[in-house]
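> quick check, what structure comes out for this input:
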Amino acid sequence: MFIYALLLLTFALALLSIFLVFVASGRIFRHSWSLFILGLSLGLFIYLYGTWIYLTVDAKWGFGICLLLTLFLGFFRKKKDAPVPRVWRFVGNLFFSVIFLTLSILYFTGTTGKARAIDLAFPLKTGRYFVLQGGKGLPTNLFHYSLRGAIYAIDIVKLRPNGSRAKAIFSRRLEDYEIFGDTLYSPCDGRIVRAVGDDPDNIPPEMIRGPHNTNQVLIETVNSYVFLAHLKHGSVIVKEGDVVKQGDPLGCVGNSGFSSEPHLHIQAHVKVPGIPWYLSPPRYIHFNGRGYLLYEVIRPQRVEMVKK
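Next comes the predicted model:
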């Protein structure tokens, strides 16, 4: 029910932002500018943070187009005179506008300062993927921020042709999730220091087995550790001590451990002698030279096949 509530809230706030811009654009600007800013700031906030993916990511683009059209057509509407807003309404409009604008700025900047980045190859190869959870710490990566040292961790799902990540908002069939069973490839050269593949997959949305029962692969590089989790039961094909090259298959994406739906969890840490990998400084992940934020779409680099 929580996901349904978030989805309903997303659409309600999106419609409210369009309504506010529409009303403000029909009035003389000097009497409606605070309402106008409120509508635009709310629209930007819900565009960035809205949970569109639980229906289809295409709804996000549709909302953005509708908001821009409302803004554009508003310039051509005949303006009506309106009474000067009362002080409390004016102050309220500005107060919430500042909140929405601040959160929108923090979406891009985060609150953790300049992060140490690590460049990895994207570990999945086909289709379109989506950052279900991620970002530069607070406020976008709230769930991972609450976990031990995982402030830059990323959760990745795969998009179906219609822009959704599954055949239903929350299907109980693992096979309904587009990413389930996708082959996972090593994002870097390194040595396998942990490989677990015997834990069963959860049936969505249950995740009662907790974080200590996840199928996983931990790769040690020259200066970092790269952790990949929630792999499919029985799919891990590497073992501890193996040396892998970037692009080598590791296993398949599943739904084991502390996971409510099939997805890939990935995080990276600086390699510090004498300190457990998960307690060492976290690294902000770049895939093929680019960092990704919450709710962004990832398109793997295409590989040209040469026929002999």
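
> going forward, measure contacts and count neighbours with C-alpha atoms only.
Noted.

> pLDDT value on residue 115, please?
Listed pLDDT for residue 115 reads 84.

> can you tell me what sits against the helix or strand of the chain with the lowest mean pLDDT?
Within the chain, no helix or strand scores below helix 142-145, which has a mean of 90 by mean pLDDT, DSSP states H and E. Outside helix 142-145, the residues within contact range by Cα atoms under 8 Å, 6 or more residues apart in numbering are 133, 134, 137, 138, 150, 151, 152, 153.

> for that helix, what is the distance to the chain centroid?
Distance, stretch centre to chain centre, for helix 142-145: 11 Å (Cα atoms, centre = their mean, to the nearest Å).

> pLDDT weak spots in the stretch 201-308 of the chain?
Residue ranges of the stretch 201-308 of the chain with pLDDT under 70: 209-211, 301-308.

> redo that, cut-off 80
By pLDDT under 80, the low-scoring segments of the stretch 201-308 of the chain are 207-212, 301-308.

> follow-up on the earlier one: among the contacts of helix 142-145, which are located in strands?
Using DSSP state E, the members of these that fall in strands are residue 133.

> now the contacts of helix 142-145 as CSV including neighbour count?
Formatted as CSV, the contacts of helix 142-145 follow (neighbours: other Cα atoms under 10 Å):
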residue, neighbour count
133, 21
134, 30
137, 25
138, 21
150, 24
151, 25
152, 26
153, 28
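
> narrow the contacts of helix 142-145 to those in helices?
Judged by DSSP state H, helices contain none of those.

> how much space between the nearest residue to residue 106 once chain neighbours are set aside and residue 156?
Spatially, and ignoring its direct neighbours in sequence, residue 106 is nearest to residue 139 (6.9 Å; Cα to Cα, 6 or more residues apart in numbering). According to Cα to Cα, to the nearest Å, residue 139 and residue 156 sit 18 Å apart.

> tell me which of these two has more neighbours.
residue 156 (25 against 18; other Cα atoms under 10 Å).

> after the helix or strand containing that one, next one along is what?
In this structure, residue 156 sits in strand 154-159 according to DSSP states H and E. For strand 154-159, the following helix or strand on the C-terminal side (DSSP H and E) is strand 183-185.

> let me see the mean pLDDT of the helix or strand that comes right after that next one.
Counting by DSSP H and E, the element after strand 183-185 in chain order, helix or strand, is strand 190-196. Mean pLDDT, strand 190-196: 98.

> quick one: residues in contact with strand 190-196.
Counting by Cα under 8 Å, 6+ apart, 214-222, 236, 238-245 sit against strand 190-196.

> stretch 169-182 too?
By Cα under 8 Å, 6+ apart, stretch 169-182 touches 54-55, 124, 157-160, 165-168, 203-205, 232, 252-255, 261-263.

> so which bits of that stretch are buried?
170, 174, 177, 178, 179, 180, 181, 182 (16 or more other Cα atoms under 10 Å).

> first-to-last residue distance for it?
20 Å.

> likewise stretch 116-123?
Stretch 116-123 end-to-end distance (Cα to Cα) = 20 Å.

> quick one: contacts of that stretch?
Counting by Cα under 8 Å, 6+ apart, residues outside stretch 116-123 touching it are 184-188, 246-247, 268, 282-290, 300.

> kindly report the same for stretch 12-30.
32-33, 35-36, 38-40, 42-43, 46-47, 63, 66-67, 70-71, 74-75, 77-82.

> give me the buried subset of the residues you listed.
32-33, 35-36, 38-40, 42-43, 46-47, 63, 67, 70-71, 74.

> where along the stretch 1-150 of the chain do the strands fall?
Shown for the stretch 1-150 of the chain, the strands assigned by DSSP state E, counting those that start in this stretch span residues 117-120, 128-133.

> can you give me the buried ones in the least confident helix or strand of the chain?
144, 145.

> contacts only, for the residue lying closest to residue 297 once chain neighbours are set aside.
Nearest residue to residue 297 in three dimensions, chain neighbours excluded: residue 130, at 4.5 Å (Cα to Cα, 6+ apart). By Cα under 8 Å, 6+ apart, the contact set of residue 130 is 156, 157, 158, 159, 295, 296, 297, 298.

> residue 130 bridge partners, please.
Here residue 130 sits in beta bridges with residue 157, residue 297, going by DSSP bridges.

> identify the farthest-apart pair in the buried residues of stretch 169-182.
170 and 182 (19.0 Å; Cα to Cα).

> would you list the buried entries among the contacts of strand 190-196?
214, 215, 216, 217, 218, 219, 220, 236, 238, 239, 244.

> report the separation between the nearest residue to the first one once chain neighbours are set aside and residue 269.
When you say that, I think you mean residue 214. Nearest non-adjacent residue to residue 214, counting by Cα to Cα, 6+ apart: residue 257, 3.7 Å away. Per Cα to Cα, residue 257 is found 21 Å from residue 269.
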